[in-house]
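Undergrad: Sequence first, then the predicted structure:
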Amino acid sequence: MPKVVLVTGASRFFGGNVVAALAADPTVDRIIAVDARMPSRELLHRMGRAEFVRADIRNPLIRKVVDGNEVDTVVHPAVLSRPPAGGGRAAMKDFNVLGAMQLLAVCQKAPSVRRVVVRSSSAVYGCGPKDPAKFTEEMSARTPPRGWFARDMIEMEGYVRGLARRRPDIATAILRFPPIVGSRLAGRGVQYFRSAVTPTVLGRDPRLQLLHEEDSIAALVHAALSAPGGTFNVAGDGALALSQAIRRAGRIEAPIPFALFRTVGRSFMGPVMREFLAEQIDYFHFGCGLDTTRMRAELGFSPRWTSVQAFDDFVGGAALRPVIDPRWIDAAETRLLGLVGAGRA
């Protein structure tokens with residue numbers, strides 16, 4: 001069991017909530033919350049007994065924080081999925097790749113460190129027409145990812161595996177998350193469902209596998225306490241087709257050719273799709289399925305929410321007003337199937 005845990009990105013959603021959860025666990029002696037900016041007053045209150053240290057993981061001085069506190073477990077959930085405001089691509093890569101490289105170099109040199117947990121993404125698998133129904137952790141992208149975020153995660157994972165080779169006594173765990181949804185946190189990709197009319201790619205109905213925000217925090221905390229080394233897909237059970245998601249959100253589907261989807265469709269959706277990254281365009285074209293066998297068998301973690309339940313919680317939390325009541329659509333489909341069955345009889 002860890003005694004001193006350091007968590008990066010403590011002022012952000014993932015880092016702050018992981019700190020709060022660890023602070024409520026009496027088996028952990030100390031929690032060091034690290035970020036370059038101060039958390040909100042509400043978040044600081046929820047962190048409880050955790051010790052906040054204002055520090056930037058890109059600065060070599062982070063080694064003093066690790067060595068001076070004899071940190072044995074490092075949790076790194078702090079990654080940017082899009083360029084920061086006013087920073088651009090260079091700032092995003094500096095934070096994601098160079099920040100991880102510096103932090104992992106410190107872990108390699110610190111004799112006290114025994115476990116490192118890093119948050120990654122299913123974006124490393126890419127999205128393409130030749131993808132398997134479900135990716136296992138040993139598989140790589142069939143179609144090279146086009147997006148900046150995916151490339152950053154691939155590079156960061158390479159540094160983690162390098163640490164594992166150089167320090168085999170450290171359990172290095174990579175958690176690959178699919179899109180994360182819920183009532184408090186809705187990723188940019190899921191905001192796609194806020195529009196009354198939702199464009200989709202003509203002839204495609206990708207399967208969406210999701211993870212609830214509470215399960216993402218629980219998985220990081222679980223990994224901090226007991227994760228073995230390795231890479232783990234972490235996702236909710238089941239999946240739902242994009243057409244089902246649109247219907248459950250009470251939206252109107254508008255299938256259009258892909259060439260229009262990524263051009264006219266983005267303009268039609270206003271600021272939601274205009275801010276889409278390459279990964280999101282590809283995701284709503286092809287989808288991505290994850291095999292979570294290793295998550296249960298080796299990591300020992302089971303999400304509480306299925307993909308469908310997580311999506312429904314997002315819809316409820318976002319207070320989306322249905323354009324068409326999903327119950328009306330379900331009733332119409334039931335009647336139509338009944339008529340078809342009667343006609344065949």
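TA: Sure, I can see it. Numbers count the residues shown, from 1 in each chain.
Undergrad: could you measure the residue nearest the centre of the chain against residue 241, distance?
TA: Closest residue to the average C-alpha location of the chain: residue 177 at 4.1 Å, with C-alpha atoms, centre = their mean. Going from residue 177 to residue 241 by C-beta to C-beta, to the nearest Å gives 21 Å. All C-beta spots, glycine's among them, are computed from the backbone N, C-alpha and C.
Undergrad: What are the boundaries of the helices in the stretch 201-345 of the chain?
TA: Under the criterion DSSP state H, counting those that start in this stretch, helices of the stretch 201-345 of the chain are mapped to 213-226, 242-248, 258-261, 264-268, 271-274, 278-286, 293-294, 307-317, 326-344.
Undergrad: now do the stretch 1-150 of the chain
TA: Along the stretch 1-150 of the chain, counting by DSSP H, counting those that start in this stretch, helices occupy 13-23, 41-47, 62-68, 88-93, 99-109, 148-166.
Undergrad: who does the residue nearest to the centre of the chain bridge with?
TA: Assessed by DSSP bridges, residue 177 has beta-bridge partners residue 121.
Undergrad: re the thing from before, as TSV, the helices of the stretch 1-150 of the chain with distance to residue 141, mean pLDDT and mean neighbour count would be great.
TA: Shown next, in TSV, are the helices of the stretch 1-150 of the chain (distance: least, C-beta to C-beta, whole Å; pLDDT from 0 to 100; neighbours: other C-beta atoms under 10 Å):
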stretch	distance to residue 141	mean pLDDT	mean neighbour count
helix 13-23	24	95	24
helix 41-47	35	93	15
helix 62-68	31	95	16
helix 88-93	19	91	14
helix 99-109	20	96	21
helix 148-166	8	96	19
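Undergrad: With distance to residue 225 added, can I get the ones you listed in JSON lines?
TA: Compiled in JSON lines, the helices of the stretch 1-150 of the chain are given as follows (distance: least, C-beta to C-beta, whole Å):
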{"stretch": "helix 13-23", "distance to residue 225": "8"}
{"stretch": "helix 41-47", "distance to residue 225": "17"}
{"stretch": "helix 62-68", "distance to residue 225": "19"}
{"stretch": "helix 88-93", "distance to residue 225": "30"}
{"stretch": "helix 99-109", "distance to residue 225": "18"}
{"stretch": "helix 148-166", "distance to residue 225": "19"}
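Undergrad: Would you tell me which of these gets closest to residue 173?
TA: When the helices of the stretch 1-150 of the chain are compared by C-beta to C-beta, helix 148-166 sits nearest residue 173, at 8.6 Å.
Undergrad: Give me the contacts around that closest one.
TA: 79-83, 89, 92-93, 96-97, 100-101, 104, 107-108, 116, 118, 120-121, 123-124, 126, 141, 145, 170, 172, 174, 229, 231, 277-279 (C-beta atoms under 8 Å, 6 or more residues apart in numbering).
Undergrad: Let's see that with 6 Å instead.
TA: 81, 89, 96-97, 100-101, 104, 108, 118, 120-121, 123-124, 172, 174, 279 (C-beta atoms under 6 Å, 6 or more residues apart in numbering).
Undergrad: Show the end-to-end separation of stretch 114-125, please.
TA: End-to-end distance for stretch 114-125: 28 Å, by C-alpha to C-alpha, to the nearest Å.
Undergrad: Just checking the distance from it to the centre of its chain.
TA: Distance, stretch centre to chain centre, for stretch 114-125: 10 Å (C-alpha atoms, centre = their mean, to the nearest Å).
Undergrad: Mind checking the pLDDT average for that stretch?
TA: Averaging pLDDT along stretch 114-125 yields 96.
Undergrad: Could you tell me which residues within that stretch count as buried?
TA: 114, 115, 116, 117, 118, 119, 120, 121, 122, 123, 124, 125 (16 or more other C-beta atoms under 10 Å).
Undergrad: correct me, but the residue nearest to the centre of the chain touches residue 211?
TA: Yes - applying C-beta atoms under 6 Å as the test, residue 177 and residue 211 come out as touching, 5.4 Å apart.
Undergrad: Low-confidence stretches in the stretch 201-345 of the chain?
TA: Regions of the stretch 201-345 of the chain meeting the criterion pLDDT under 70 cover residues 265-275, 318-345.
Undergrad: Number of residues surrounding the residue nearest to residue 308 when sequence neighbours are not counted?
TA: Excluding the flanking residues, the one nearest residue 308 by C-beta to C-beta, 6 or more residues apart in numbering is residue 240, at 5.3 Å. If you count neighbours by other C-beta atoms under 10 Å, residue 240 ends up with 21.
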